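Visitor: Just a sequence and a predicted model for now, questions to come.
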Amino acid sequence: MRKLIQRLLDWQQEVLREKKIPFAILEAPTGYGKTSSGALLFKRMKEEGLTAGYIHVLPLRAIVDDLYSKLLTGKIPDVDRSWLNSHSIGYQMMDYIEGREEDKSPYFLRDMTVTTFDSFIYNVARLPVAEIGRRSRHYEIPRSSILTSLIVLDEAHLYGGDIGLKDTKMFNVLLSSVKVLARLRVPTFLESATLPKAVVSRLLDAMNGNVKAHFHLSKNGSGEVSWDKEYAELHEQITWITKLIEYDEIMSEALRHYISGEKVLVMFNKPRDAMDFYLSALERGVDRDHSVLLHGRLTSGDRSKAYLKLKRLHNSKEGMMAITTQVIEAGVDVSFDVLFTEAAPPTVLTQRAGRVARYGGSLVAKVYVFERGEEREGSIYDEEIVRETVKMLKKKQIEWRLPEDRDEMISYKKLTETIYSRFRWHFENGDINLERVMLHP
């Protein structure tokens, strides 16, 4: 078991011994195994008779599907499923998982439920997702499930996009939900690899009145702050090469790596661009059987098929090319040799680089960053932050896996804090009207 996760579990045990409710943020690198911590935290609280259920909240439907499947098949590291059965595990999102329609649990009544953030918020706010559109609603059923469960808000960085900047609506929803859960004393854990310090501080403030902690890796620290030497030694063997590349060079470079038998990931910010590149790649000789297209506009059935194909290609010994958007940016356990990514904020680039050399070892991990080269309407990221990030990448090589500087590289953590320190955070204190709805029947 990873050292930081063991520290979290030890701390939870101490808090429970004092008859108090634990609240915490677990901040650890991509590929660290954060997801397993939720089930381990739940098992301990269930054995103590302190919780009836476990609700694991994720921002994307695609990773709900992935985590639900892992829980069903027992493929979560360090989690012994002997105390669960398949009928104990359910999922909820505004869609169905093909072949598992009967396991959908819109009222969160299973022992373990994996759900999307929107379904979770609707149920907290007395809008039961199973009955939206009806005049009379049984809203207290899912609410009582939530209030008697352990809550894990996973991949928390994705709930607000460029959180703290001009558009903070979703972050305010996250902040309000944490405040309400804390006030109602529902044990809550947030997990992420890329939360800026200002965001961590605001979330800890929202847990006011409870026993709370922020667990993260650092060479200088103890207790909640520690260093995982075993994990670090594995990933210090990686040689990271980060390079800016012109947009019109992507295809030829990606094909070169693909032809040499490497596993290539190309990530765009918008589905249309991913689709266009995929069609061009097929025209240039990429084998359809050794490539996959993944984006948020796929139907549920097509998305499931694409994920199965991605996993199959990932597990094969042959070269492959995956062309995607943000849908595999977090929570999907696949590893590539080389990444081509459209320019994005530092937190986003860190998550994307988390799909490269994911398991550590003596590897050369290549990250190519490109800009589209023209002003484009409807940018999904703050353009000024993206520009500042690109400027930084021109000057520095990045350690994309460990949160400490190494050799001539600066850590992804320092990159993030350096960029965001140049901007004014537009924080609000949550949404008071939403909190009233959540708190008052």
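Guide: Here it is on my side, so go on. Numbers count the residues shown, from 1 in each chain.
Visitor: Contacts for stretch 286-306, please.
Guide: 61-62, 65, 95-98, 255, 258, 271, 274-275, 278, 281-282, 307, 309-310, 313, 318-328 (C-beta atoms under 8 Å, 6 or more residues apart in numbering). C-betas here are computed from N, CA, C, even on glycine.
Visitor: let's go with 7 Å and repeat that
Guide: For stretch 286-306, the external contacting residues (C-beta atoms under 7 Å, 6 or more residues apart in numbering) are 62, 65, 95-98, 258, 271, 274-275, 278, 281-282, 309-310, 313, 318-325, 327-328.
Visitor: Quick check: which ranges of the stretch 201-350 of the chain have low pLDDT?
Guide: 222-223 (pLDDT under 70).
Visitor: in the stretch 51-200 of the chain, which spans are helices?
Guide: Remark: helices assigned in the stretch 51-200 of the chain by DSSP state H, counting those that start in this stretch are 61-73, 117-124, 140-147, 169-183, 197-206.
Visitor: Could you pull out the buried residues of the third one?
Guide: The neighbour-count criterion (16 or more other C-beta atoms under 10 Å) identifies 141-143, 145-147 as the buried residues of helix 140-147.
Visitor: Where does the prediction get shaky in the stretch 51-200 of the chain?
Guide: Ranges of the stretch 51-200 of the chain meeting pLDDT under 70: 81, 83-84, 86, 160-167.
Visitor: Relative to the whole chain's centre, how far out is the helix or strand hosting Phe215?
Guide: Per DSSP states H and E: Phe215 is located in strand 211-217. For strand 211-217, the gap between its own C-alpha mean and the chain's C-alpha mean amounts to 18 Å (C-alpha atoms, centre = their mean, to the nearest Å).
Visitor: which other residues reach it?
Guide: With contacts defined as C-beta under 7 Å, 6+ apart, strand 211-217 is touched by 4, 7-8, 11, 15, 20-28, 200, 204, 224-228, 403.
Visitor: re the thing from before, keep only those of the contacts of stretch 286-306 that are in helices.
Guide: Cross-referencing the contacts of stretch 286-306 against helices under DSSP state H gives 62, 65, 258, 271, 274-275, 278, 281-282, 309-310, 313.
Visitor: how about the CA coordinates for the helix or strand harbouring Thr389, as PDB?
Guide: Assigned by DSSP H and E, Thr389 belongs to helix 383-395. C-alpha atoms of helix 383-395 as PDB (Å, rounded to 0.1, in the frame of the first residue of the first chain):
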ATOM      1  CA  GLU A 383      -6.600  31.800 -22.900                       C
ATOM      2  CA  GLU A 384      -4.300  34.000 -20.800                       C
ATOM      3  CA  ILE A 385      -3.400  31.100 -18.500                       C
ATOM      4  CA  VAL A 386      -2.700  28.900 -21.500                       C
ATOM      5  CA  ARG A 387      -0.400  31.500 -23.000                       C
ATOM      6  CA  GLU A 388       1.500  31.900 -19.700                       C
ATOM      7  CA  THR A 389       1.800  28.100 -19.400                       C
ATOM      8  CA  VAL A 390       3.300  27.900 -22.900                       C
ATOM      9  CA  LYS A 391       5.800  30.700 -22.100                       C
ATOM     10  CA  MET A 392       6.900  28.700 -19.000                       C
ATOM     11  CA  LEU A 393       7.300  25.500 -21.100                       C
ATOM     12  CA  LYS A 394       9.600  27.300 -23.500                       C
ATOM     13  CA  LYS A 395      12.000  28.000 -20.500                       C
END
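Visitor: Pull out the buried residues from that helix.
Guide: Neighbour-count burial for helix 383-395, counted by 16+ other C-beta under 10 Å, picks out 385-386, 388-390, 392-393.
Visitor: which element follows it toward the C-terminus?
Guide: strand 397-399.
Visitor: Give me the contacts around the next helix or strand after that next one.
Guide: Counting by DSSP H and E, the next helix or strand C-terminal to strand 397-399 is strand 409-411. Strand 409-411 has contacts (C-beta under 7 Å, 6+ apart) with 240, 396-399, 402-405.
Visitor: model confidence over strand 409-411, on average?
Guide: Averaging pLDDT along strand 409-411 gives 97.
Visitor: How about that strand, which residues are buried there?
Guide: 409-411.
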